[in-house]
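A.B. asks: no letters, just coordinates:
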């Protein structure tokens, strides 16, 4: 791979020449969503390029004119690899095709500030795991008032639930505080629940994986071939209403406490770009997993994650000063490959565009907790923000911004942002209830 | 509506002139899936008809050339109503358009025996409720060994979980016995679980509702307008692996114990066709539901349901002699309108093609239990089949056939069949595990 591009990029850009994440965008003068690659502050419009001449993509480049990545992802790893090579060549400083063609540059390079980003894929099914041991322990305390001991099944399998695909929204979408049922504050279950706006709105800092290629129904994916099915990764905020969750979770799991919205970042960072950041997980798996979850090589990715909480009026604040937690994807106990092997071990079929959430990326330390309820110890110890305000749970007007990146001396692979602001309750439409 | 058709129908046909359910089919000599209407033993191919001239459908009849009902359903109730009127007119004995045109009949009327049926819609999200109080009580005993008292939340809301959309298959698809984790038979949790083929494969007899028109994200659907969003109904078998379910359900709900397959019947019986069978639910709702779940008129449908279990070699057996349970949709405690109002009360958006399962339709009597584990009291008292064989759970080779119908003196509205056979384990592909 040529090691530089002819485009001028800021040195700290998330979207380096080594990254090249895929997204779906539209523009004011061409409002049809289509597929592009982020490079620095530019988007290269793949639907306008006439350079895909390799054996995989020569007859398939029409997939870049679709408003979702599903068809492209479904072409498989060879097509992804060839496309990445082509894009690298077109952008490299050694190649004249785009470098020397001002007209073509004008048509294919769009400033990100002029683009509207869309959910990058039609999400078929959305599965959310709970792969951080620390988060599972914290959940157990929050929802059962029991000891920190997690349930026996957790040690043997990556536990998960089906979540809601229709309400997955792209970064920047405002979040409406959901109504729902929760227990009366008096704590007396017999007095019945109340219905109203959640008082315990929370975020969850996660990584989402996008499935690229399917398995047939009844054909499990082995743990050692699981990575072949993964196209790439996004940041994910699994917004949660903790009072609704406490009331509803038993026995069928989280439902309305999560399904009102899930935010993902628009740029899908490919598994190929993340390869230099493969690493060992931090946790030792003990007890040893059952054979179908054992791998020759248990690997994960070294992805830094931070969440910033900005209250209203803080919009000009520098990101880093408003960060309230920092963690890393490698703290997760179960790997994505194990999650996929478990998910399909019963024959369940994954399809291009399926989204797999990691679960909250909570590490062993206080500051590495990936949700507000963990940081505030279930709301009992509100955290103090940089402007002096205190938060047990999210207030209207609060904005939550997750960032993620991999970095070593020579390269930075960034995810951009996963951002969402909680609307003021007065900005809600009146409910249609009588 | 004209009250008869020029076609000769068997008197007991599920697909009467008053029914006219929608489905997606293909044929050997035209393998492209398209939309048709069932009438007697015929399918009328809507993609070949040139008779949609009303204001709603004149420019929209291309939707019938699609291989899924989603686009048609998304057009809304006025379009559904107009289409039903047009189809009734074309098929009526008073109208010459099709009656007197042998060529057109040949092109548009297909014998059902010559058609392959497909899943009628692209299922976006699949939500499964648990709306039978009796079933919820039985579940509670099965999975917690606790008393029959259900959890406090059940009385206040229609509890549900997100289920798996990708593995929804059409009636007739063979079912592979899933592998999975379950507790060691010795009952000692500390000895860890085992992984292998489920030993407790079960069915669940349900009704599925197909959402026709969406609500916008953050815009709840009121209980009194919920019915407007429902296009129609199918039979649904929520195959379940009870040993997997016992091991995994706490705390995130059912996952792999359900996601290996869900079978639905191919013909979508419209809400319009079922209107004469609106009735009061059997259960009194006590305590009174919260205001957002209260309706001016709590109505459900009087739909009879039976399940037959046919062991291998019984294939020629008459259906009725192999029936093992019989129930009725009206036994459900929570109505579909309440389920929809609850589902969207947090702003969650429903989309055309979303599938909503009723939950197992178990009535108050033994014979009205809608699953084998209920009929066999959690496997402790195997039932005896007509051929003398006994069943605690399903064996390889067993075929489960759900039927459903509404009937009064003048009309029969039938659902056809929801059928699936458990493959022999030797028919499984070898697992890819090392």
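C.D. replies: Sure, I can see it. Treat the numbers as computed from the prediction; the structure is a model and nothing was measured.

A.B. asks: point out where chain A drops to low pLDDT.
C.D. replies: A:1-2, A:145-148, A:186-190, A:315-316, A:425-434 (pLDDT under 70).

A.B. asks: mind doing that once more with 80?
C.D. replies: For chain A, the stretches flagged by pLDDT under 80 are A:1-3, A:139-149, A:185-191, A:313-317, A:425-434.

A.B. asks: quick check: next helix or strand after the longest helix seen in chain A?
C.D. replies: When chain A is parsed with DSSP state H, its longest helix is helix A:77-91. Beyond helix A:77-91 in the direction of the C-terminus, DSSP states H and E gives the next helix or strand as helix A:96-99.

A.B. asks: buried residues in that next one?
C.D. replies: For helix A:96-99, the neighbour count (16 or more other CB atoms under 10 Å in any protein chain shown) marks A:98-99 as buried. Where you see a C-beta, it was placed from the backbone N, CA and C, and this is true even at glycine.

A.B. asks: helices and strands around that helix, which ones?
C.D. replies: helix A:77-91, helix A:102-108 (3 or more CB pairs under 8 Å, 6 or more residues apart in numbering or on different chains; DSSP states H and E).

A.B. asks: hang on, the earlier thing: which residues are contacting the longest helix of chain A?
C.D. replies: The contact list for helix A:77-91, computed with CB atoms under 8 Å, 6 or more residues apart in numbering or on different chains, reads A:1-2, A:5-7, A:17, A:20, A:37, A:39, A:44, A:46, A:49, A:51-57, A:60, A:72-73, A:95, A:97-98, A:212-213, A:228, A:231, A:270, A:272.

A.B. asks: rewinding a little: now mean neighbour count too, for the helices and strands packed on helix A:96-99, in a markdown table please.
C.D. replies: Output for the helices and strands packed on helix A:96-99, formatted as a markdown table (neighbours: other CB atoms under 10 Å in any protein chain shown):
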| stretch | mean neighbour count |
| --- | --- |
| helix A:77-91 | 19 |
| helix A:102-108 | 13 |
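
A.B. asks: and these: which comes nearest residue B:396?
C.D. replies: helix A:77-91 (35.9 Å; CB to CB).

A.B. asks: chain center to that closest one, what's the gap?
C.D. replies: Relative to the centre of its chain, helix A:77-91 is centred 23 Å away, using CA atoms, centre = their mean, to the nearest Å.

A.B. asks: in the stretch 301-434 of chain A, which residue sits nearest chain B?
C.D. replies: Closest residue of the stretch 301-434 of chain A to chain B, CB to the nearest CB: residue A:346 (3.7 Å).

A.B. asks: and of the helices and strands packed on helix A:96-99, who's closest to residue A:321?
C.D. replies: helix A:77-91 (34.1 Å).

A.B. asks: mind listing what's buried along stretch A:141-156?
C.D. replies: Buried positions in stretch A:141-156, judged by neighbour count with 16+ other CB under 10 Å: A:141-143, A:150-151, A:153-156.

A.B. asks: just those that are near chain B?
C.D. replies: A:143, A:151, A:153, A:156 (CB under 8 Å from any CB of the partner chain).

A.B. asks: could you dump these to JSON lines with secondary structure?
C.D. replies: Formatted as JSON lines, those follow (DSSP: H, G, I helix; E, B strand; the rest coil):
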{"residue": "A:143", "secondary structure": "helix"}
{"residue": "A:151", "secondary structure": "coil"}
{"residue": "A:153", "secondary structure": "helix"}
{"residue": "A:156", "secondary structure": "coil"}
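
A.B. asks: which part of the stretch 201-350 of chain A gets nearest to chain B, residue-wise?
C.D. replies: For the stretch 201-350 of chain A and chain B, the shortest gap (CB to the nearest CB) falls at residue A:253, measuring 2.4 Å.

A.B. asks: that residue: neighbour count?
C.D. replies: 27 (other CB atoms under 10 Å in any protein chain shown).

A.B. asks: quick one: it and residue A:287, what's the gap?
C.D. replies: The gap separating residue A:253 from residue A:287 is 24 Å, by CB to CB, to the nearest Å.

A.B. asks: and residue A:102, by the same measure?
C.D. replies: Residue A:102 sits 62 Å away from residue A:287, going by CB to CB.

A.B. asks: swap in residue A:365?
C.D. replies: Residue A:365 sits 25 Å away from residue A:287, going by CB to CB.

A.B. asks: can you list contacts of stretch A:152-162?
C.D. replies: For stretch A:152-162, the external contacting residues (CB under 8 Å, 6+ apart) are A:125-131, A:133, A:136, A:253-254, A:286-287, A:289-290, A:293, A:334, A:338-339, A:342-343, A:359, B:161-164, B:181, B:189-190, B:192-193, B:247-248, B:250-253, B:255, B:259.

A.B. asks: in contact with the nearest residue to residue A:324 once chain neighbours are set aside, which residues are there?
C.D. replies: The shortest distance from residue A:324 to any non-neighbouring residue, by CB to CB, 6 or more residues apart in numbering or on different chains, is to residue A:309 (5.0 Å). Taking CB under 8 Å, 6+ apart, we find residue A:309 in contact with A:322, A:324, A:372, A:385, A:391, A:394, A:398-401.

A.B. asks: wait, a strand at residue A:309?
C.D. replies: Yes - the assignment for residue A:309 is a strand, going by three-state DSSP.

A.B. asks: what is the burial count for the closest residue to chain B within the stretch 1-150 of chain A?
C.D. replies: At 5.4 Å from chain B, residue A:125 is the closest residue in the stretch 1-150 of chain A, using CB to the nearest CB. Residue A:125: 29 surrounding residues under other CB under 10 Å.

A.B. asks: one step back: which of the contacts of stretch A:152-162 count as buried?
C.D. replies: In those, burial by neighbour count holds for A:125-131, A:133, A:136, A:253-254, A:289-290, A:293, A:334, A:338-339, A:342-343, A:359, B:161-164, B:181, B:193, B:247-248, B:250-253, B:255, B:259, counting by 16+ other CB under 10 Å.

A.B. asks: what does the stretch 51-200 of chain A have sitting close to chain B?
C.D. replies: Contact residues, the stretch 51-200 of chain A versus chain B (CB under 8 Å from any CB): A:124-125, A:130, A:139-140, A:143-144, A:151-153, A:156-157, A:159-167, A:169, A:176, A:178-181, A:189-190, A:192-195.

A.B. asks: among those residues, which are in helices?
C.D. replies: In helices, judged by DSSP H, the following of these are found: A:139-140, A:143-144.

A.B. asks: how about these in a markdown table, adding distance to residue B:89?
C.D. replies: Formatted as a markdown table, those follow (distance: CB to CB, whole Å):
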| residue | distance to residue B:89 |
| --- | --- |
| A:139 | 58 |
| A:140 | 62 |
| A:143 | 57 |
| A:144 | 60 |
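
A.B. asks: closest one to residue A:406 out of those residues, please.
C.D. replies: Closest approach between those and residue A:406, by CB to CB: residue A:139, at 27.6 Å.

A.B. asks: pretty sure the closest one is touching residue B:251, no?
C.D. replies: Yes - if you go by CB atoms under 8 Å, residue A:139 and residue B:251 touch, sitting 7.2 Å apart.

A.B. asks: any chance you could map the helices in the stretch 251-400 of chain A?
C.D. replies: Residue ranges of the helices in the stretch 251-400 of chain A, as given by DSSP state H, counting those that start in this stretch, are A:271-274, A:336-344, A:372-375.
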